[in-house]
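Chemist: Build the 3D model from these lines:
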Amino acid sequence: MRKLSWFNKVMYFFNIVLTLLTVFAYLLPFMAPRLFPILSVFTLVLPLMLVFNFLFFIYWLFQAKRQMLLSGLILLLGITFVNKFFKFSSTTLPDAADDVTLMSYNVRLFNLYEWLPDNDIAQKIPAFVKEKNPDIVCLQEYNKVGDNSFSQYKYSYIFSPKGQTGQAIFSYFPIINRGSIEFPESANNAIYADIKRGNDTLRIYSMHLQSIKISPDIHENIDEEKSKLIFRRISNAFEKQQLQADLVEKHKSECPYAMVICGDLNNSAFSYVYRSIRGDMNDAFEEAGGGFGKSYNYKYYPARIDYFFADEKLEVKEFNTFSNFVNSDHFPIMTRLNFIKDKE
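Modeler: Residues are numbered from 1 along each chain as shown. Model (predicted):
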């Protein structure tokens, strides 16, 4: 430390502070939001912390300083977090006749309130689904604007409680059972459908957890009062999400079939809620995705808040995010799965 210039001493001080904050952020997915609602907000900036740790590592490396070990160790300890944020390459396994393709998409009411200037989004979204032709499609923030627009699917389950924003599952395969999980004091919900494909039965959960109600243009005109309001809003939403995640976790623990969970969790892959709902299932993006997997249309940050979690009995053969299809505040995600024969 004595051999460092005054500037490097300052840099190293900030490096140490960043390291401590990053370690704390690593622990947050194991801490219930209702116990630390304000602190849970830090999970949203963990990717940024990883980026700064990498920059510090490069900074010290170019100077051949041993201080590079600090951020290097932090990055090594958090390698699983890095994989949740960015994948250098995707994986695509060969097609098989019995593969199942699934799409999940928060359609934002098919632009009912004209958030976007296009007036034909209610036609564009069904056309996109028809083009990609998934075997099963799960739509969040669905409403009756979409009725009769997905007629290629013989089987469907549409759930819109009391005329509120709902969800829908469309399938080429028979739906033999279906239901919903109501979330207390919330317009959000989860639905499920047991789908028969040959001799296999697959349960599909589609969910939309509590929104943090932060718009993509939140960076504009932020003052201190607005910042405090945003902070409280996010922490309150995380508390509600924990309750909702607990309800989903209990429900899925009683399921006798292989499962796929998909939808809009409104939270990052570094959160308690993500960890709780995922459980021991595989994140399709981690298994086969590439890049950032951005699923929310926020201009300055590659937010991934829409997911596919696949049962360990299922092999993830492909995963895609369609970030060029801008007809909602979310992007469609799609995966291709198959049963692992020796685990059936």
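
Chemist: residue ranges with poor pLDDT in the stretch 1-150 of the chain?
Modeler: Low-confidence segments of the stretch 1-150 of the chain (pLDDT under 70): 1-2, 37-38.

Chemist: any chance you could map the strands in it?
Modeler: 100-106, 136-142 (DSSP state E, counting those that start in this stretch).

Chemist: counting contacts, what elements does the first one pack onto?
Modeler: It refers to strand 100-106. On a contact count with 3 or more CB pairs under 8 Å, 6 or more residues apart in numbering; DSSP states H and E, strand 100-106 meets helix 121-132, strand 136-142, strand 200-208, strand 258-264, strand 306-310, strand 333-339. For the C-beta atoms, the positions are set from N, CA and C on the backbone; glycine is no exception.

Chemist: picking that back up, find the one among the strands of the stretch 1-150 of the chain with the highest mean neighbour count.
Modeler: Most buried of the strands of the stretch 1-150 of the chain, by mean neighbour count (mean count of other CB atoms under 10 Å): strand 136-142, with a mean of 26.

Chemist: ok, that strand: who's next to it in the sheet?
Modeler: Pairing partners of strand 136-142, with direction, according to DSSP bridges: strand 100-106 (parallel), strand 166-171 (antiparallel).

Chemist: contacting residues around the last one?
Modeler: The one in question is strand 166-171. 135-143, 146, 150, 153-160, 175, 178, 189-191, 193, 195, 204, 206-208, 263 (CB atoms under 8 Å, 6 or more residues apart in numbering).

Chemist: for the spatially closest residue to Gly146 that is not a sequence neighbour, what are its contacts?
Modeler: Ranked by CB to CB, 6 or more residues apart in numbering and with sequence neighbours excluded, the top spatial neighbour of Gly146 is Phe110, at 5.7 Å. Phe110 makes contacts with Ile121, Ala122, Ile125, Asn143, Val145, Gly146, as judged by CB under 8 Å, 6+ apart.

Chemist: Reformat these as CSV; add distance to Leu77 and neighbour count.
Modeler: Shown next, in CSV, are the contacts of Phe110 (distance: CB to CB, whole Å; neighbours: other CB atoms under 10 Å):
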residue, distance to Leu77, neighbour count
Ile121, 44, 22
Ala122, 47, 18
Ile125, 42, 24
Asn143, 45, 20
Val145, 47, 15
Gly146, 45, 20
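
Chemist: so can I have JSON lines of the residues you listed showing distance to Asp283?
Modeler: Output for these, formatted as JSON lines (distance: CB to CB, whole Å):
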{"residue": "Ile121", "distance to Asp283": "29"}
{"residue": "Ala122", "distance to Asp283": "31"}
{"residue": "Ile125", "distance to Asp283": "25"}
{"residue": "Asn143", "distance to Asp283": "29"}
{"residue": "Val145", "distance to Asp283": "31"}
{"residue": "Gly146", "distance to Asp283": "28"}
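
Chemist: which one of those residues is nearest Phe270?
Modeler: Nearest to Phe270 among the contacts of Phe110, counting by CB to CB, is Ile125 at 29.7 Å.

Chemist: Does the closest one touch Tyr105 like I think?
Modeler: Yes - at 7.4 Å, Ile125 counts as touching Tyr105 under the criterion of CB atoms under 8 Å.

Chemist: which residues are common contacts for the two?
Modeler: Ser328.

Chemist: Look up how far Lys65 lies from Gly72.
Modeler: Going from Gly72 to Lys65 by CB to CB, to the nearest Å gives 11 Å.

Chemist: re earlier: mind checking the strands of the stretch 1-150 of the chain for the one nearest to Ile234?
Modeler: Nearest of these to Ile234, taken as CB to CB: strand 100-106 at 18.3 Å.

Chemist: need the strands paired with strand 136-142 in CSV with distance to Phe14, can you?
Modeler: Below are the strands paired with strand 136-142 laid out as CSV (distance: least, CB to CB, whole Å):
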stretch, distance to Phe14
strand 100-106, 38
strand 166-171, 45
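
Chemist: so which of the ones you listed gets nearest Tyr301?
Modeler: Comparing the strands paired with strand 136-142 against Tyr301 with CB to CB, the closest turns out to be strand 100-106 (17.2 Å).

Chemist: Now Phe322: closest residue in space, sequence neighbours ignored.
Modeler: In space, Phe322 is closest to Pro332, 4.7 Å off (CB to CB, 6+ apart).

Chemist: What pLDDT is listed against Gln210?
Modeler: We have a pLDDT of 94 for Gln210.

Chemist: no, scratch that, I was asking about Ser276
Modeler: Reported pLDDT for Ser276: 94.

Chemist: Can you give me the distance of it to Gln241?
Modeler: With distances taken as CB to CB, Ser276 is found 9 Å from Gln241.
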